[in-house]
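K.L.:
Just need the structure, nothing else, for what follows:
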Amino acid sequence: MKRLLRLYRRTPGSFLILLFIYSAAVLTIGTMLFLVGHILIRGIMHLRPSLFALGYTAENVSMLPAIWNTVYMTLLTLLLSVPLGIGSAVYLVEYARSQSRLVRIIRTTTETLAGIPSIVYGLFGFLAFVLFMGWSYSMLAGVLTLSIMVLPTMIRTTEEALLAVPRTYREGSFGLGAGRLRTIFRIVLPAAMPGILSGIILAIGRIVGETAALLFTSGSSPRAAIGLHDSARTLSVHMYCLLSEGLYTNEAYATAVVLLIVVIGINGLSGILARKLSVFASGGGAE
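P.N.:
Sure thing, here's the model as predicted:
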């Protein structure tokens, strides 16, 4: 400890940087604990069985249909965006020339799209899918809009994960006689699975927490969606509707507690599934 103090006396700039890092970490953790604690304290006491009734009414304002819609929309969006995102990243890293104009344009475009506000995606989805395609407010319009939203994040995180895989992995596989496609699926993708998982978790967080884009595309119907052309609200939209009406503030806090649990649960299941896939793929590669 004394050696560390003497070192920082000689380099006060490093000490200031360390101080800023610790301050940012404490501020971030403190803010998160405050928000989570506030939601739990205000919401848990208002959880009651009627909030989980099968059907929504003005008396029970049940969130169970919204929970179903959230899981339904998340799975459909991931089913569409994950293969496209991973496939696009594989093409950019493994097949395309890294310095080509096409690759530079794609990377610039994805980085730009990742920073566009969600309300802009909602307006695009409303014009393209609700009005132009004539699908009205529907799950399909919401899923396509969310897929476009999370695709840039999926592409960039997967691309960085693939670039982080050492080149020697590929060279060793080629040296053993494996082709490019086999190398990608048996060597590169399993090694990049932690980074790919990070992109999937980020995508899940944005899907579950999205409100503005879904108000313009999937609508705010409180019933559970069955078909792709059914209008439905997710948990975040359900919470927004309860707060905007001004009559169900306590129920909105209870919905926030459930939304927090759903996000943690989905992320946990995603992590377990990704680890099992990684172990399975690594075992297959070893064979």
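K.L.:
C-alpha from now on. contacts and neighbour counts both.
P.N.:
OK.
K.L.:
any weak-confidence spans in the stretch 1-150 of the chain?
P.N.:
1-12 (pLDDT under 70).
K.L.:
quick one, helices of it?
P.N.:
For the stretch 1-150 of the chain, applying DSSP state H, counting those that start in this stretch gives helices covering 2-10, 12-44, 64-90, 101-114, 118-125, 139-163.
K.L.:
Relative to Gly246, which of those is closest?
P.N.:
Of all the helices of the stretch 1-150 of the chain, it is helix 12-44 that lies closest to Gly246, at 16.0 Å by CA to CA.
K.L.:
Buried residues of the closest one, list them for me.
P.N.:
Buried residues in helix 12-44, counted by 16 or more other CA atoms under 10 Å: 15, 39-40, 42-44.
K.L.:
I'd like to know which elements that helix is packed against.
P.N.:
The elements that helix 12-44 packs onto, with contact taken as 3 or more CA pairs under 8 Å, 6 or more residues apart in numbering; DSSP states H and E, are helix 249-286.
K.L.:
per-residue confidence averaged over the helix it packs on?
P.N.:
For helix 249-286, mean pLDDT rounds to 74.
K.L.:
Send me stretch 97-112 as CSV with only the CA atoms.
P.N.:
Below are the C-alpha coordinates for stretch 97-112, written out as CSV (Å, rounded to 0.1, in the frame of the first residue of the first chain):
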residue,chain,number,x,y,z
ARG,A,97,-12.4,-7.8,-47.6
SER,A,98,-11.8,-5.7,-44.4
GLN,A,99,-10.8,-2.5,-46.3
SER,A,100,-13.4,-2.7,-49.1
ARG,A,101,-15.7,0.2,-49.6
LEU,A,102,-18.8,-2.0,-49.0
VAL,A,103,-17.6,-3.1,-45.6
ARG,A,104,-16.8,0.5,-44.6
ILE,A,105,-20.3,1.6,-45.7
ILE,A,106,-22.0,-1.2,-43.8
ARG,A,107,-20.0,-0.5,-40.6
THR,A,108,-20.7,3.2,-40.7
THR,A,109,-24.4,2.5,-41.4
THR,A,110,-24.7,0.1,-38.5
GLU,A,111,-23.0,2.4,-36.1
THR,A,112,-25.3,5.2,-37.2
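K.L.:
Out of the helices of the stretch 1-150 of the chain, indicate the one that is most buried.
P.N.:
Scoring the helices of the stretch 1-150 of the chain by mean neighbour count under mean count of other CA atoms under 10 Å gives helix 139-163 as the most buried, with a mean of 24.
K.L.:
Which element is encountered next along the chain beyond it?
P.N.:
Next along the chain after helix 139-163, taking DSSP states H and E as the criterion, comes helix 167-175.
K.L.:
counting contacts, what elements does that next one pack onto?
P.N.:
By 3+ CA pairs under 8 Å, 6+ apart, helix 167-175 packs against helix 180-183.
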